[in-house]
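Chemist: I'd like to go over a predicted model; first the sequence, then the structure.
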Number of protein chains: 2
Amino acid sequence: MTEATRKHQPALDAAIQALHGRTFFAAFPENPSPEIYGADADANGRAAFEARRHQRYTELRQGEPAGWVGQEESPYEQEALGIEYPYYEPATLVRNAEAAFGPWRKLKPAQRAALLAESLEGIRQRFFEIAYATMHTTGQSFMMSFQASGPHAADRALEAIAAGYEEQTRFPEETRWEKPMGKYNLTLHKTWRAVPKGVGLVIGCSTFPTWNSVPGMYASLVTGNPVLIKPHPKAVLPIAIVVAEVQKVLADYGLDPRICQLAVDAADHLIGKDLAENPAVKLIDYTGGAQFGEYLEGLKGKTVFTEKTGVNSVILDSCDDLDKVAQNLAFSVSLYSGQMCTAPQNFFIPAGGMRVGEQQVPYEEVVQKLAAAVTGLAQNPKAGPHVLGAIQNRDTHERVQKLALDGGRSVLAHGSVEHPTFKNARTCSPCIHEISADRIEQYSQELFGPIMLVIRTRDTQESIRLAAQLAREYGAISCGAYTTNSAVKEQIMDEMSLAGTPVSFNLTGNIYVNQAAGFSDFHVTGGNPAGNASFTNPEFVIKRFTWVGFREPAE
Amino acid sequence: MTEATRKHQPALDAAIQALHGRTFFAAFPENPSPEIYGADADANGRAAFEARRHQRYTELRQGEPAGWVGQEESPYEQEALGIEYPYYEPATLVRNAEAAFGPWRKLKPAQRAALLAESLEGIRQRFFEIAYATMHTTGQSFMMSFQASGPHAADRALEAIAAGYEEQTRFPEETRWEKPMGKYNLTLHKTWRAVPKGVGLVIGCSTFPTWNSVPGMYASLVTGNPVLIKPHPKAVLPIAIVVAEVQKVLADYGLDPRICQLAVDAADHLIGKDLAENPAVKLIDYTGGAQFGEYLEGLKGKTVFTEKTGVNSVILDSCDDLDKVAQNLAFSVSLYSGQMCTAPQNFFIPAGGMRVGEQQVPYEEVVQKLAAAVTGLAQNPKAGPHVLGAIQNRDTHERVQKLALDGGRSVLAHGSVEHPTFKNARTCSPCIHEISADRIEQYSQELFGPIMLVIRTRDTQESIRLAAQLAREYGAISCGAYTTNSAVKEQIMDEMSLAGTPVSFNLTGNIYVNQAAGFSDFHVTGGNPAGNASFTNPEFVIKRFTWVGFREPAE
């Protein structure tokens, strides 16, 4: 273990430095090129994924299961994957985790950090396999599947490892405390321990099965807590591979692999509540809908980290080049068919239109430019299907098809999109609906999927007021704003900051409001109802352990 | 303000360094000597206090009050102080705080930290006045009143200022993010703000009116939140002086003094709930009973920091010199008549007695040594009254007088203690009651005041098990342990660490389990039901603000 610690220390130090510099940093290249990952990496990854279909998943090291379960299906094929995972009773999982707790918490933070960093190397070897697993569970395009579930997730995991390691070493393990008392000194030997809170539970979502789960998973692990990873039943494989790689490293170092266990739902019921309510479970990380998230946040005696739903706004005030703005925003709403927690939904446009350079462009022209850009992207056969990907959930597809908002008008109907490879893919192009600013009840809910709402406001002041109010009251994870006016910009920053919402200003070209860069952008602020946790600020790791001090007279 | 920032930066840097070194550090000398504080400081402080009796307290700068209220009485005289404080409706206080919020949050963390550090200098000038105010509201001895409410409180305040300043400056205000994209670089200008959460409320207790309130008060202020300080109605004056000094500095720098307001209860009802439930109040710091603390912790949409009640244990296993141990423990239970949250209550002694050097001392002899030491201290006219002080609350006095535990036996009855100066002081010496280990319901509650319980256990293993169980289930803020066996010591550290309880081993001489040193000992770990907040770990400050980021294409 000493060797592992030595080996990974430079990478950890670099990651900690990156966390504080917040300039560009990536430990795992996002480009799936053969030069970086090897000539056969793609073919081997695809073959590995294909070989798993209609098989039992036997890589886990967590004992004899009570049964085998599986209910994944590919949004590209609309057919079952047929992979079965070992099922364990919730009480068994918790008992195993408690049994594995002692030796894990007694390691030094640097040792845990090193083993966890080592697991990321194993995961890196399987980025392509994970990418195909992600594609055929979430409906993401291959490129997003690779990047989000592979290198970006691994970077977010490393971020949590680095932050957890740093926080656990910010106070000394021991010190000599010597108080001058006049004629003599009072001297105590003091020691401190960062004490983990107990069993951690990580509840995943169906759209980002590794990206959204690894931060909490690695944050709990690095701070000495055993974890149970309960994936969404429709998106198990990507995170199962991650868990298997962590277990492999644990076993390699003579530790109990059940420090990190996969907890799949039973065939006939979900086990999230059983696990969450178990008294030994002290930490919960959750990504998903608001209702279950609020139930978890209300549990007594638990430290709960959530990413729930929000309604993201774009404030359109003024710009230099409206075509570039429209193209950028069309991409943002289309990317993975709006199934990102950072996707924009509500576009606030003043009734008087937008200032574009020296011109005032009328409201309707702005709306039509946006619609044209969305249509243009969806109908571009080389780009559209790859940007849009497939729709993970049948309900999301139906929501778009049946969307009927009370009031306003349909600006653009959703359309069909043919995928070049998967003829049976569940796809559709985004729809656009216009709604009046005074119908807040119509746009204050998250409409997950490729749905874009245009909200006609009196002026930019009303746009800002509504965007901030929505974020404060209903939550928001991202906000886009276009303005060339510095006073308006400062006002947006001030009001959105009080609503705990990050703002991207004037993005055009190849950078989008949906994207959040590891080691630089905090993902979710924790400052509004969209979630209480942030990847990865210090709070995300320090709430997972307790500082306890000991003292005695010095020799 | 630039000058203030420059002036206080070295002190802040020293405080941050001390927080991380955790060796002895004190910015404010605890010795009330004329050499340090001036020849007339004591006389002037006493005169200032005396002049306030039966007067209106007019130092606050928070506008026209709705009335004047006061209900303090001296535990030394059992007579009303007759001081009246301005009363404001809760809604008025919150409205004032919201109005003062903007300019305060827009200052830089370094500016807020400097102004707050400056307020501590003003408070330092009034340490003696605060000491007499504390004595005649809490019943603490003069020495404890001076130290706890003066220098120790000021050090804890500085600790919060330093920690808050450090945490707000751990990430850059701005950076240039440059991502290599192959043929070009994608470049963003990014900025971050530490955004305060909103109005803070600090609810104080009757026994440590400044020490327990200033950490939360200064932590909220330094992170940009306006605060309302609601003292216990029986212990207002010490913290009123502190608030007045903060307001003075704010006014001196042209800021609204209502950034920090005193919120006294109405004459006929307490206003804590009204304030806590106000939607604008986002942060609550609370010291006091468990029931109200749990109500506060359960409020939705608030960040709540609590120090509630706990049952503190002493584990007696083995030692070198039992007389020294008994003297040390007798002092600990007697200090301020057991009215400290860190005072030990439950003393676990094995039925087989204690190993003392090479001898086995029988159980009953250990018990009698403890009783003799308690009696010896209480009956020593030069030490007893000054260590014991007076009893703040009539109910506490009655609890001791009427104590009737079911089972066990009375080892030592409480006695009367005559104070040399104040003939009418509310005093009594500690009582000792023995109870069997299997009557956990008898000793799992906090018996606030000079009450010591001796619990006869099968062996040290049972002592450890019970001490850890009590801490986990009912909370504990301190633990004392005496053992010469290193395996037993490690076991105690391990089990008490999981129960979130700091342990002092083998203390004898002039250092006591009750004491917690600023900049070194974390006070309350936050890891058990005794409270969720710790003075001052990073969590205590970072939960008061949100990191929000902004980005835009770089020029």
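Modeler: Alright, I've got the coordinates.
Chemist: what are the buried residues along stretch A:484-500?
Modeler: A:Val488, A:Lys489, A:Gln491, A:Ile492, A:Met493, A:Asp494, A:Glu495, A:Met496, A:Ser497, A:Leu498, A:Ala499, A:Gly500 (16 or more other CB atoms under 10 Å in any protein chain shown). Placement of C-beta: from N, CA and C, glycine included.
Chemist: can you list these in JSON lines and add secondary structure?
Modeler: Formatted as JSON lines, those follow (DSSP: H, G, I helix; E, B strand; the rest coil):
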{"residue": "A:Val488", "secondary structure": "helix"}
{"residue": "A:Lys489", "secondary structure": "helix"}
{"residue": "A:Gln491", "secondary structure": "helix"}
{"residue": "A:Ile492", "secondary structure": "helix"}
{"residue": "A:Met493", "secondary structure": "helix"}
{"residue": "A:Asp494", "secondary structure": "helix"}
{"residue": "A:Glu495", "secondary structure": "helix"}
{"residue": "A:Met496", "secondary structure": "helix"}
{"residue": "A:Ser497", "secondary structure": "helix"}
{"residue": "A:Leu498", "secondary structure": "helix"}
{"residue": "A:Ala499", "secondary structure": "coil"}
{"residue": "A:Gly500", "secondary structure": "coil"}
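Chemist: chain neighbours aside, what residue packs nearest to A:His54?
Modeler: Excluding the flanking residues, the one nearest A:His54 by CB to CB, 6 or more residues apart in numbering or on different chains is A:Gly82, at 3.7 Å.
Chemist: now that neighbour: how far from A:Leu262?
Modeler: 18 Å (CB to CB, to the nearest Å).
Chemist: which of these two has more residues huddled nearby?
Modeler: A:Leu262 (26 against 14; other CB atoms under 10 Å in any protein chain shown).
Chemist: residue contacts, that one?
Modeler: Counting by CB atoms under 8 Å, 6 or more residues apart in numbering or on different chains, A:Leu262 makes contact with A:Leu60, A:Gln62, A:Tyr85, A:Pro86, A:Ile229, A:Pro231, A:Val236, A:Ile239, A:Ala240, A:Val243.
Chemist: same check, this time on A:Glu552
Modeler: A:Leu188, A:His189, B:Ser504, B:Phe505, B:Asn506, B:Leu507.
Chemist: give the contact list for the residue nearest to A:His54.
Modeler: Counting by CB under 8 Å, 6+ apart, A:Gly82 touches A:Arg53, A:His54, A:Gln55, A:Gly70.
Chemist: give me the neighbour count for A:Gly102.
Modeler: What A:Gly102 shows, counting by other CB under 10 Å, is a neighbour count of 12.
Chemist: does A:His152 count as helix, strand or coil?
Modeler: Classification of A:His152 using three-state DSSP returns helix.
Chemist: I figured A:Phe550 hits A:Leu188, correct?
Modeler: No. Using CB atoms under 8 Å, A:Phe550 is not in contact with A:Leu188; the gap is 9.8 Å.
Chemist: which SS state does the residue lying farthest from the centre of chain A fall under?
Modeler: In chain A, the residue that sits farthest from the middle, by CA atoms, centre = their mean, is A:Lys183; the gap is 59.3 Å. With three-state DSSP as the basis, A:Lys183 sits in coil.
Chemist: ok, now how distant is it from B:Glu59?
Modeler: On the measure of CB to CB, A:Lys183 and B:Glu59 end up 40 Å apart.
Chemist: residues touching the nearest residue to A:Asp265 once chain neighbours are set aside, list them.
Modeler: Spatial nearest neighbour of A:Asp265, excluding adjacent residues (CB to CB, 6+ apart): A:Pro233 at 4.7 Å. Residues near A:Pro233 by CB under 8 Å, 6+ apart: A:Val69, A:Gln71, A:Glu72, A:Val264, A:Asp265, A:Leu270.
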